[in-house]
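Enquirer: Pasting a predicted model and its sequence here:
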Amino acid sequence: MRYISYSDCSDNELYKMLFDRAPDNYGKYEQIVASIVDNVKNNGDKAIFEYGEKFDNVKLDEKSLKVTKEEIDEAYEQVDEELVEIIRRSKKRVKEYHEKQKKYSWFDSCDSGSIMGQKVTPIEKVGVYVPGGKAVYPSSVIMNVMPAKVAEVEQIVMVTPPDKDGKVNPVTLVAANECGVDEIYKVGGAQAVAALAFGTETIPKVYKIVGPGNIFVALAKKAVYGHVSIDSIAGPSEVLVIADESANPKYVAADLLSQAEHDELASAILVTDSDVLGKEVEKELIRQTDYLSRKDILEKSLNDFGAIVVVKSIDDAVKLSNMVAPEHLEICTKEPFMVLPKIKNAGAIFLGNYSPEPLGDYMAGPNHVLPTNGTAKFFSPLSVDDFIKKSSIISFDREALGELQEDIIKFANAEKLTAHANSIKVRFEND
Ligand SMILES: NC(=O)c1ccc[n+]([C@@H]2O[C@H](COP(=O)([O-])OP(=O)(O)OC[C@H]3O[C@@H](n4cnc5c(N)ncnc54)[C@H](O)[C@@H]3O)[C@@H](O)[C@H]2O)c1
Ligand SMILES: N[C@H](CO)Cc1c[nH]c[nH+]1
Ligand SMILES: [Zn+2]
């Protein structure tokens, strides 16, 4: 874990040293992803089966690629009823939060005889990626699917990697069934994203692909963007904690570790104005890593992408955080709500010592599918907006059009588009 004192570096040097995580910083992965996407586009199911064997050690065929009703029933037998209830409670909270995001069609009519408005329509078919490589993510089923349900999407196609026996994790299947997923395919990684983008003999093509995943999944979404829409680049997890001397080092370290354990490529950064806190957190990280189960991932992630940065003031911490644009930002200072207005870039913001990041991962209600890799500068959390599109509505009667006819004709002539002008003129020729 790097321990950096702010006075050592200028802003840009520090940023580069800390956060070499721009979307174009993954050259070697990008090449692998491009060839996977191409192969799936050209060879459909055949490529899916090949990659299943290569990356997930699983042998599948046309019959076993899709999850059956029997497999879902079997999953319910394997999952503790108490966990099913937790899934239901999480789903309820996520649904209630996302219902507040719902957009409705609107129409404005004027006295002169015009109606203008906006028609909101759900996207017909969406693909949701649920990760399942180094961990399993039933919580991501809820986060992906509930906003789609609130938006009233007709067809939700889920993809997720199976285990080596060709089975999807039972808790993931139960979550999918509870949330109302229409079909589930046992495929993960870049090949799953390509299958949803182009369609294969078995897997349907969708109009939009959403959901988080590892670097292969995130880059595959970037690669197919344009053939389909995507939500954001939601790749390896990140947390940045801004803390002052009032923060509890034990909690801060625990929260950093909670995101570092996702992936060797995950990033966990503390920025503090207190050297005392920095040193305490450093000790806590070592102490807690020792008893956690994913020690190898934690050590690699902290070593390669983790940092404790001591800055001169909380304002400097904010400045750095805005440059990093973390997926998750925790503000653990005496008065976190005073810091909040200064935050410009972050996927989700957690305020105070009792709003740890995992609260947002599972139960709070806001979405945990969030932009990573600095893309919180322009992307937002997954939301109901991702599952709708809008059409403009225009309806004029003769009188209302008449009021605008001269302006339109002159505007069209100025653009030398006489057929445009003519379309108006013909309607008033006999006046
Ligand atoms: N940003 C967010 O909103 C968010 C939310 C949840 C999880 N995540 C992230 O999702 C990721 C989950 O990763 P995961 O690995 O557990 O599951 P995953 O499902 O994302 O990836 C597993 C798949 O990756 C492919 N793969 C693995 N090694 C490969 C290789 N060498 N070449 C090509 N393809 C390969 C395999 O096909 C495998 O099925 C983590 O990085 C986690 O931090 C992000
Ligand atoms: N923290 C992840 C998003 O980066 C989401 C997640 C799901 N399960 C546990 N964590
Ligand atoms: Zn998490």
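Expert: Noted; the coordinates are in hand. Ligands and ions are numbered 1, 2, ... in the order given.
Enquirer: Tell me which residues touch residue 93, please.
Expert: Counting by CB atoms under 8 Å, 6 or more residues apart in numbering, residue 93 touches 363-365. Backbone N, C-alpha and C define where each C-beta goes, glycine included.
Enquirer: quick one: which of these is most hemmed in?
Expert: The residue in those with the most neighbours, by other CB atoms under 10 Å, is residue 364 (18 neighbours).
Enquirer: After the longest helix belonging to the chain, which helix or strand is next?
Expert: Longest helix in the chain, counting residues (DSSP state H): helix 81-99. Helices and strands here follow DSSP states H and E; after helix 81-99, the next one along the chain is strand 106-109.
Enquirer: Averaged pLDDT, the longest helix of the chain. What do you get?
Expert: Summarised as a single mean, pLDDT over helix 81-99 is 98.
Enquirer: just stretch 198-209 next, same as before
Expert: Rounded mean pLDDT across stretch 198-209 is 98.
Enquirer: one step back: which of the residues in the longest helix of the chain are classified as buried?
Expert: 86-87, 90-91, 93-95, 97-98 (16 or more other CB atoms under 10 Å).
Enquirer: close to ligand 2, is it?
Expert: No: using CB under 6 Å from any ligand atom, helix 81-99 stays clear of ligand 2, coming no nearer than 10.8 Å.
Enquirer: just the strands in the stretch 101-250 of the chain please.
Expert: 106-109, 114-122, 125-129, 155-160, 183-186, 208-210, 229-230, 238-243 (DSSP state E, counting those that start in this stretch).
Enquirer: my bad, should have said the stretch 251-400 of the chain
Expert: 267-272, 307-310, 328-332, 348-351, 388-396.
Enquirer: what comes into contact with the second one?
Expert: Applying CB under 8 Å, 6+ apart, the set of residues contacting strand 307-310 from outside is 1-6, 14, 18, 269-275, 278, 281-282, 317, 320.
Enquirer: go on, the first one?
Expert: Contact with strand 267-272 is made by 18-19, 21, 236-244, 247, 252, 256-257, 259-260, 278, 281, 301-302, 305-311, 317, 320-321, 324, 326, as judged by CB under 8 Å, 6+ apart.
Enquirer: Then the fourth one?
Expert: If you take CB under 8 Å, 6+ apart as the criterion, strand 348-351 is touched by 327-331, 336-337, 340, 343, 356-357, 359-360, 366, 368, 370, 381.
Enquirer: Ligand 1 next: which of these are close?
Expert: Okay, of these touching ligand 1 (CB under 6 Å from any ligand atom), that's 327, 368, 370.
Enquirer: By neighbours, which of those residues wins?
Expert: Ranked by neighbours (other CB under 10 Å), those are led by residue 327, which has 30 neighbours.
Enquirer: Buried residues of stretch 142-160, list them for me.
Expert: Quick answer for stretch 142-160 (16+ other CB under 10 Å): 142-151, 153, 155-160.
Enquirer: now stretch 102-111
Expert: Under 16+ other CB under 10 Å, stretch 102-111 has no buried positions.
Enquirer: Pull the residues that contact it.
Expert: So stretch 102-111 is contacted by 115-120, 150-151, 384-385, 388, 390, 393, 400 (CB under 8 Å, 6+ apart).
Enquirer: Would you point out the most distant pair within those residues?
Expert: Across the contacts of stretch 102-111, no pair lies farther apart than 150 and 400, at 35.8 Å, counting by CB to CB.
Enquirer: In this structure, where is pLDDT below threshold?
Expert: Applying pLDDT under 70 to the chain picks out residues 7-25.
Enquirer: ok and the residue in the stretch 201-350 of the chain nearest ligand 2?
Expert: Nearest residue of the stretch 201-350 of the chain to ligand 2: residue 237, at 3.4 Å (CB to the nearest ligand atom).
Enquirer: Tell me if I'm right that that residue and residue 327 touch.
Expert: Yes: with contact defined as CB atoms under 8 Å, residue 237 reaches residue 327; the gap is 6.2 Å.
Enquirer: where do the contact lists of those two overlap?
Expert: residue 372.
Enquirer: quick one: contacts for residue 381?
Expert: Shown in contact with residue 381 (CB under 8 Å, 6+ apart): 347-348, 366-367, 369-371.
Enquirer: quick one: which two of those residues are the most distant?
Expert: Going by CB to CB, the pair spanning the contacts of residue 381 furthest: 366 and 371, at 13.5 Å.
Enquirer: neighbour count winner among the two?
Expert: residue 371 (28 against 20).
Enquirer: give the contact list for that one.
Expert: Residues counted as contacts of residue 371 (CB under 8 Å, 6+ apart) are 232-234, 325, 327, 347, 378-381.
Enquirer: Check residue 47 too.
Expert: So residue 47 contacts 36, 39-40, 191, 200 (CB under 8 Å, 6+ apart).
Enquirer: Could you list the residues of the stretch 101-250 of the chain in contact with ligand 1?
Expert: Contact residues (CB under 6 Å from any ligand atom) of the stretch 101-250 of the chain with ligand 1: 131-135, 137, 140, 161, 188-190, 212-214, 216-217, 234-237.
Enquirer: go again using 5 Å as the cut-off
Expert: Neighbours of ligand 1 within the stretch 101-250 of the chain, by CB under 5 Å from any ligand atom: 131-134, 161, 188-189, 212-214, 216-217, 234, 236-237.
Enquirer: nearest to residue 294, of the residues you listed?
Expert: Proximity of these to residue 294 (CB to CB) peaks at residue 134, which lies at 8.2 Å.
Enquirer: Flag every residue of this structure that's near ligand 2.
Expert: Checking the chain against ligand 2 by CB under 5 Å from any ligand atom, the hits are 139, 237, 361, 368.
Enquirer: Which of the residues you listed fall within helices?
Expert: 139, 361.
Enquirer: And the residues of the chain next to ligand 2, which two are furthest apart?
Expert: 139 and 237 (12.5 Å).
Enquirer: Those two: who's more crowded?
Expert: residue 237 (26 against 21).
Enquirer: How about the more buried one: what's its closest non-neighbour residue?
Expert: residue 262 (4.1 Å; CB to CB, 6 or more residues apart in numbering).
Enquirer: Look at the one you found and say how many residues are nearby.
Expert: Quick note: residue 262 (other CB under 10 Å) scores 25 neighbours.
Enquirer: Any chance you could give me the longest helix of the chain in CSV, C-alpha atoms only?
Expert: The C-alpha trace of helix 81-99 is given here as CSV (Å, rounded to 0.1, in the frame of the first residue of the first chain):
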residue,chain,number,x,y,z
GLU,A,81,-35.6,-19.3,3.3
GLU,A,82,-34.1,-16.5,5.5
LEU,A,83,-31.9,-15.5,2.6
VAL,A,84,-34.9,-15.5,0.2
GLU,A,85,-36.6,-13.1,2.6
ILE,A,86,-33.5,-10.8,2.7
ILE,A,87,-33.5,-10.8,-1.2
ARG,A,88,-37.2,-9.8,-1.0
ARG,A,89,-36.5,-7.0,1.5
SER,A,90,-33.6,-5.7,-0.6
LYS,A,91,-35.7,-5.8,-3.8
LYS,A,92,-38.5,-3.9,-2.0
ARG,A,93,-36.2,-1.1,-1.0
VAL,A,94,-34.5,-0.9,-4.4
LYS,A,95,-37.9,-0.8,-6.1
GLU,A,96,-39.2,2.0,-3.8
TYR,A,97,-36.1,4.1,-4.4
HIS,A,98,-36.3,3.7,-8.2
GLU,A,99,-40.0,4.4,-8.4
